[in-house]
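Visitor: sequence and predicted structure, then a few things I'm wondering about:
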Amino acid sequence: QIEYSADDFRIEDTIPDEEVVITISHMGYIKRTKLTEYRRQNRGGRGAKGSTIRNEDFLEYLFVATNHNYMLFFTERGKVFWLRVFEIPEGTRTSKGRAIQNMINIDPADKVRAFINVKDLKDTEYINNNFIILCTRKGTIKKTSLELYSRPRQNGINAITINEGDQLLEARMTTGHSEVMMALRSGRAIRFNESNVRPMGRNAAGVRGIKLTDQKKDEVIGMICISEEGYDVLVVSENGYGKRSSVDDYRITNRGGKGVKTINITDKTGQLIAIKDVTDNDDLMIINKSGLIIRMAVESLRVMGRATQGVRLINLRDDDSIAAVAKVEVLEGEEDDELLENGEMEGETLENDSPEAEEDKPSDKTDE
């Protein structure tokens, strides 16, 4: 007679490790959907509605995972929580999903800021050859082996020690051979090799990634990690200007410097609001403070030099500005019906110049 103990039973053994689509909205709602729902649409078709969400919200992240994968959630205060993908509520394409805040044991005063999809936290080779890079608003960067995140607790574990007045901003997973770029609201950006950041323990505070010349007014607005060729750098300012440049326009330096000018910041452009690594296959989602959401193709933006003001991406009312920018890689056949062909959404009309309509000449003075 064969006897089984409770330890022999694992819930994942009853769940097929099939591919699913994970969607996370800008406001932090998450769901998983069967991949087959996204592959029913023929190429060239209009596309299907992505989800039923509030006007101020939109689908910011959409990617394929499997049910047995892990999701790591990083908070502003530097903690990390994880869920198995099969623990994420299943929904249809049009369902709203569930707030991430309500799925993990997070302090009500804290907020999920970043997430990473991880294939396997029990594969020794995998977790010892991948790293998590974190950055904060005040310019700190930290690199930690994925292995140190492989033993989670219900109340979360510390991912980084956050200094007073600072917040975690971004989290990226790398293989240890990426190039890192950090950008500031003041319009400067730095590029350095990931190897310049040595791995540290979870409780470490990190090291300086970029120098802020004005600690009170300036802050990091984004970090990207590039490990493959074919990506460009896209920066967007709060008054609707943007620019797509070659990564090579930003020379590699040591970490901790003040960086170089990424866009010519003026009263006209406003401060820098976003930096993204993009290809022609990406779309941009731009949300204004007024609630209007605009979608545009990256391929419509030509590559420009670094020290220019860029082109006007959208026209804004005098009392409006850009609140956030997201990069969306669209699955084949996936398109949001809420985003109409003429640029309208929820009955509001987008006043949009062609991206080539207004271009400013390079500044006479360029920074080193």
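Guide: Everything's here; your move.
Visitor: show me which residues of stretch 70-87 are buried.
Guide: 70-83, 85-86 (16 or more other C-beta atoms under 10 Å). Any C-beta I mention is one placed from the backbone N, CA and C, and that applies to glycine too.
Visitor: between the residues you listed, which sits nearest Leu169?
Guide: If you rank the buried residues of stretch 70-87 by distance to Leu169 using C-beta to C-beta, Glu76 comes first, at 8.3 Å.
Visitor: the closest one and Leu168 touch, don't they?
Guide: Yes. Judged on C-beta atoms under 8 Å, Glu76 makes contact with Leu168 at a distance of 5.3 Å.
Visitor: any residues in contact with both of those two?
Guide: Common contacts of Glu76 and Leu168 (C-beta atoms under 8 Å, 6 or more residues apart in numbering): Arg113, Ile162.
Visitor: before we move on, back to that, mind checking which of the buried residues of stretch 70-87 are in strands?
Guide: Using DSSP state E, the members of the buried residues of stretch 70-87 that fall in strands are Tyr70, Met71, Leu72, Phe73, Phe74, Thr75, Lys79, Val80, Phe81, Trp82, Leu83.
Visitor: the second one reaches Leu83, doesn't it?
Guide: To tie it back to what came earlier, the one meant is Met71. Yes. Assessed by C-beta under 8 Å, Met71 is found in contact with Leu83 at 5.1 Å.
Visitor: find the nearest non-adjacent residue to Ile104, please.
Guide: Computed as C-beta to C-beta, 6 or more residues apart in numbering, the closest residue to Ile104 that is not its neighbour in sequence is Phe81, at 4.1 Å.
Visitor: so what's the one you found up against?
Guide: Leu72, Phe73, Thr75, Ile104, Asn105, Ile106, Pro152, Gly156.
Visitor: over to Asn130?
Guide: Taking C-beta under 8 Å, 6+ apart, we find Asn130 in contact with Val118, Ser145, Leu146, Met173, Thr174, Thr175, Gly176.
Visitor: now the helices: where do they sit in this structure?
Guide: Listed in chain order, the helices of the chain (DSSP state H) span residues 124-128.
Visitor: check contacts around the spatially closest residue to Thr213 that is not a sequence neighbour.
Guide: Closest residue in space to Thr213, ignoring its immediate chain neighbours: Lys258 at 6.2 Å, by C-beta to C-beta, 6+ apart. By C-beta under 8 Å, 6+ apart, the residues touching Lys258 are Arg188, Ile190, Ile210, Lys211, Thr213.
Visitor: what's the distance between Lys258 and Arg188?
Guide: Plainly put, Lys258 is 6 Å away from Arg188 if you go by C-beta to C-beta, to the nearest Å.
Visitor: got any residues that touch both of the two?
Guide: Counting by C-beta under 8 Å, 6+ apart, the shared contacts of Lys258 and Arg188 are Ile210.
Visitor: what pairs with Lys276 across the strands?
Guide: With DSSP bridges as the criterion, Lys276 is bridged to Leu234.
Visitor: now do it, the pLDDT please.
Guide: Predicted confidence (pLDDT) for Lys276: 95.
Visitor: show me what contacts it?
Guide: Listed by C-beta under 8 Å, 6+ apart, the contact partners of Lys276 are Gly222, Ile224, Val233, Leu234, Val235, Val236, Asp282, Leu284, Val325, Lys327.
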